[in-house]
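Chemist: below: sequence and its predicted model.
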Amino acid sequence: MRARFVVGKILGSLATLAFVLAVNFFLFRVVNDDPTGSLFRGRNLSPDQIQRRREQFNLTGTKFEQFLAYLRQTARGNLGDSFLSNRPVTTEIMEAVWPTLLLVGTATVLAMLVGIPLGIHAGWKRRSRFDAASTSFSMFTYSVPDFWLGMILLAVFAVGLGWFPTGGFEDAGSNATGVAALLDQLHHMALPALTLMLAYIGEYVIVMRSSILDTLNEDYLQLARAKGLRDADVRRRHAVPNALLPVVSLTALNFGFVLSGAIAVEAIFSWPGLGQATLEAIRGPDFPMLQGLFLVFSIAAILANLIADLLYAHLDPRVGGR
Amino acid sequence: MTILELRDLHVTYKSDRGDVPAVRGVDLAIAAGETVGLAGESGCGKSTIAGAVLRLLPRDTIVGGQVLLNGDDVYELKPGRLRAVRWTAAAIVFQGALHSLNPVRRVGEQIEEAIVLHSDRGDAGTHAVRDRITGLLERVGLRPDLARSYPHQMSGGQRQRVLIALALACEPDLLIADEPTTALDVMVQAQVLELLAELQRDRGLALLFITHDLSVLSTTCDRLAVMYAGRVVEEGRTVDLLKTPQHPYTRALARAFPTIGDPRSRMNPSGLGGDPPDPTHLPSGCPFHPRCDMAIEACATADVLLRPIRPDRAAACVHVAVSA
């Protein structure tokens, strides 16, 4: 990979980030010019108090002055204070990031680890019974809404059989530490993670399968076979490395949605992550919080895109100016 | 010594539209040190024969007759034995060098893979194997450091040479060259042809040369077989066959190429009208009769098989006088 290619990609990402910052600011100003009114619905506040609130939330001055203040603030890592809790948005987000990262990250990794081999096998043995079974399973889980799946799992395994807790991150009032705490969290995470994994897995199976199918008629597979390679080696050494390329992009891009991807499932399982936080902020409406969340989601997506590009260029010698 | 012998080879592909008979009874023998050309329009079954020799056709394809490689029937071999025979008894220079090389692996690795697979001592990365790759690349006229290149970094001619080096990696007895020069410009084409001829001379390789371009075959081959609709319609020694083509199809093919130095033929190249027949709906009688300018009534009903004219010469046409 040439340095020029890498630098170009990074500069492109920074430009996107700048654009996102601007949109993020003006979007919420379009929705509501001065949220103080709706925020303190009917409560008696002196003009003095309202003015202080306005200053706290950066609502004084012209739009442009506000924008510059917002940029200065953001550059210093300050995303403002939440309307609802009065605490810094960064603190609120930091607290919610870990549960989401744990839940969605685990589900994504598991979906990949299971889905990609399934897709490879189904594509390689296309029209076999295995292919039919795995493809219909994938189509089903892919098309079912995740919140519906979550509610069914919740009803059966938590409410009905009582094997798993119905929600939350850990047992209330638990002061367990170390391994015990971890086991408790895993116990809580099992159902939401399973829901998300089932929701994600179909995409990996289907994309991997069709990618393998695309390579099946490639001449280089014919040549690999003519050389005298075993079928398994033709697949492993020649088909899979080529077929993985689109899946690598998909995977990297999906990691961009790790933070924002589980709003419905987090809500069903009362998972204290970014999805829950987003839902609460929308109900508020808590504009600084939403603004902060959107910024974090955007940065995650931009970063994932950048990683996808660089990874693809690393894996495919035809890309990246080599 | 006969390296490859096809005995009444039939190949029928399965497709959604029904069976496609691509090869309908071909007999062909190639001895060590001999170059045989297989000519015909696209769709006549030439490349199918290349695939049939190493059993590379889709699994549901029906193959009849026999393919004997060094005396062994390829279709009777157990899987392990078949893999051992591939690339050592016969190797293929595939058509389309860009697509025949794996785009994400260095060409050296792709040559190395074949060497390591078929030798009991050479492991990947050892000096012996590396020297062998260097030798192969030099033999086909490439710089050894190109082993570290990816296919897309090379020119079309270089890729074609890599494919030839790759085919030579396990010193096969038979080299099947399937349209090896079709995508190349004339200068590179001449170089590649020269290289193949040299290799054939040096190593006593048997060479099966498949192409639609008669002019290419005329300079390289000892014998020619012309195919039409899945059958050989004329065969003989190259010079003899091109000088006095007996089958109207061969005549039309030969006429389609202008003769250098003869302005009349250049100004008036006479091609062959019509398209090759659809293998699923072959015309009755002689499959060539709808396009034939010498067709008589009998041609629409009587299917003429290859008949000997004189030693080393045979054609499949009613008009051909059968030798006694």
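Modeler: Done, it's in.
Chemist: now the residue of the stretch 1-150 of chain A found nearest chain B, what's its secondary structure?
Modeler: Nearest residue of the stretch 1-150 of chain A to chain B (C-beta to the nearest C-beta) works out as A:Arg127 at 10.7 Å. For glycine as for every other residue, the C-beta is placed from the backbone atoms N, C-alpha and C. Three-state call for A:Arg127 (DSSP: H, G, I helix; E, B strand; the rest coil): coil.
Chemist: shouldn't B:Phe5 be in contact with B:Val26?
Modeler: Actually, residue B:5 is Glu. It isn't Phe. No. Using C-beta atoms under 8 Å, B:Glu5 makes no contact with B:Val26, being 11.0 Å away.
Chemist: chain A versus the residue positioned nearest the centre of chain B, what's the distance?
Modeler: With distances taken as C-alpha atoms, centre = their mean, B:Ile210 lies nearest the centre of chain B, 2.5 Å away. According to C-beta to the nearest C-beta, to the nearest Å, B:Ile210 stands 14 Å off from chain A.
Chemist: my guess is that residue contacts B:Cys44, does it?
Modeler: No. B:Ile210 is beyond contact range of B:Cys44, at 10.3 Å (criterion: C-beta under 8 Å).
Chemist: so which residues of the stretch 201-322 of chain A form helices?
Modeler: A:219-227, A:231-233, A:240-255, A:263-268, A:274-283, A:287-315 (DSSP state H, counting those that start in this stretch).
Chemist: how about the stretch 1-150 of chain B?
Modeler: B:46-53, B:79-85, B:97-100, B:107-118, B:127-139.
Chemist: B:Gly51: neighbouring residues, count only.
Modeler: Look at B:Gly51: counted by other C-beta atoms under 10 Å in any protein chain shown, it has 22 neighbours.
Chemist: backbone dihedrals for the closest residue to it other than its chain neighbours, please?
Modeler: Nearest residue to B:Gly51 in three dimensions, chain neighbours excluded: B:Leu57, at 4.8 Å (C-beta to C-beta, 6 or more residues apart in numbering or on different chains). Torsion angles at B:Leu57 (phi, psi; degrees, to the nearest 10) stand at phi -80, psi 160.
Chemist: which residues touch B:Leu57?
Modeler: Residues in contact with B:Leu57 (C-beta atoms under 8 Å, 6 or more residues apart in numbering or on different chains) are B:11, B:13, B:48, B:51, B:63.
Chemist: return the distance of the nearest residue to the first one once chain neighbours are set aside relative to chain A.
Modeler: Excluding its sequence neighbours, the residue lying closest to B:Val11 (C-beta to C-beta, 6+ apart) is B:Val23, at 4.0 Å. Distance of B:Val23 to chain A, computed by C-beta to the nearest C-beta: 18 Å.
Chemist: right, so of the helices of the stretch 1-150 of chain B, which gets closest to A:Ala252?
Modeler: helix B:107-118 (25.7 Å; C-beta to C-beta).
Chemist: okay, buried residues for that closest one please.
Modeler: Using 16 or more other C-beta atoms under 10 Å in any protein chain shown as the test for burial, helix B:107-118 gives B:107-108, B:110-118.
Chemist: show me what contacts the closest residue to A:Ile263 other than its chain neighbours?
Modeler: Once flanking residues are discounted, A:Ile263 sits nearest to A:Gly275: 3.8 Å by C-beta to C-beta, 6+ apart. Counting by C-beta under 8 Å, 6+ apart, A:Gly275 makes contact with A:100, A:260-267.
Chemist: tell me the pLDDT at A:Gly275?
Modeler: pLDDT, A:Gly275: 86.
Chemist: and B:Ala316, what does it touch?
Modeler: Neighbouring residues of B:Ala316 by C-beta under 8 Å, 6+ apart: B:231-234, B:247, B:286, B:304-307.
Chemist: neighbour count and pLDDT added to those residues, as CSV?
Modeler: Shown next, in CSV, are the contacts of B:Ala316 (neighbours: other C-beta atoms under 10 Å in any protein chain shown; pLDDT from 0 to 100):
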residue, neighbour count, pLDDT
B:Arg231, 22, 92
B:Val232, 27, 93
B:Val233, 26, 93
B:Glu234, 27, 93
B:His247, 27, 91
B:Cys286, 27, 89
B:Val304, 19, 86
B:Leu305, 11, 88
B:Leu306, 20, 88
B:Arg307, 14, 87
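Chemist: show me what the helix or strand hosting B:Asp202 is packed up against.
Modeler: In the assignment (DSSP states H and E), B:Asp202 maps to helix B:186-203. Packing partners of helix B:186-203 (3 or more C-beta pairs under 8 Å, 6 or more residues apart in numbering or on different chains; DSSP states H and E): helix B:156-168, strand B:174-178, strand B:206-211, helix B:214-220.
Chemist: chain center to stretch A:49-57, what's the gap?
Modeler: 34 Å (C-alpha atoms, centre = their mean, to the nearest Å).
Chemist: no, scratch that, I was asking about stretch B:184-201
Modeler: 15 Å.
Chemist: tell me which residues in that stretch are buried?
Modeler: Buried, per 16+ other C-beta under 10 Å, within stretch B:184-201: B:184, B:188-189, B:191-193, B:195-197, B:199-200.
Chemist: so between B:Glu5 and B:Val26, which is more surrounded?
Modeler: Neighbour count, other C-beta under 10 Å: between B:Glu5 and B:Val26, B:Val26 has more, with 24 against 18.
Chemist: which SS state does A:His85 fall under?
Modeler: Let me fix one detail, which is that residue A:85 is Ser and not His. coil.
Chemist: hang on, I meant B:Ala252
Modeler: B:Ala252, by the three-state scheme (three-state DSSP), is helix.
Chemist: where's the closest residue to it other than its chain neighbours relative to chain A, distance?
Modeler: Among residues not flanking B:Ala252 along the chain, B:Leu272 sits closest, at 4.1 Å (C-beta to C-beta, 6+ apart). Per C-beta to the nearest C-beta, B:Leu272 is found 29 Å from chain A.
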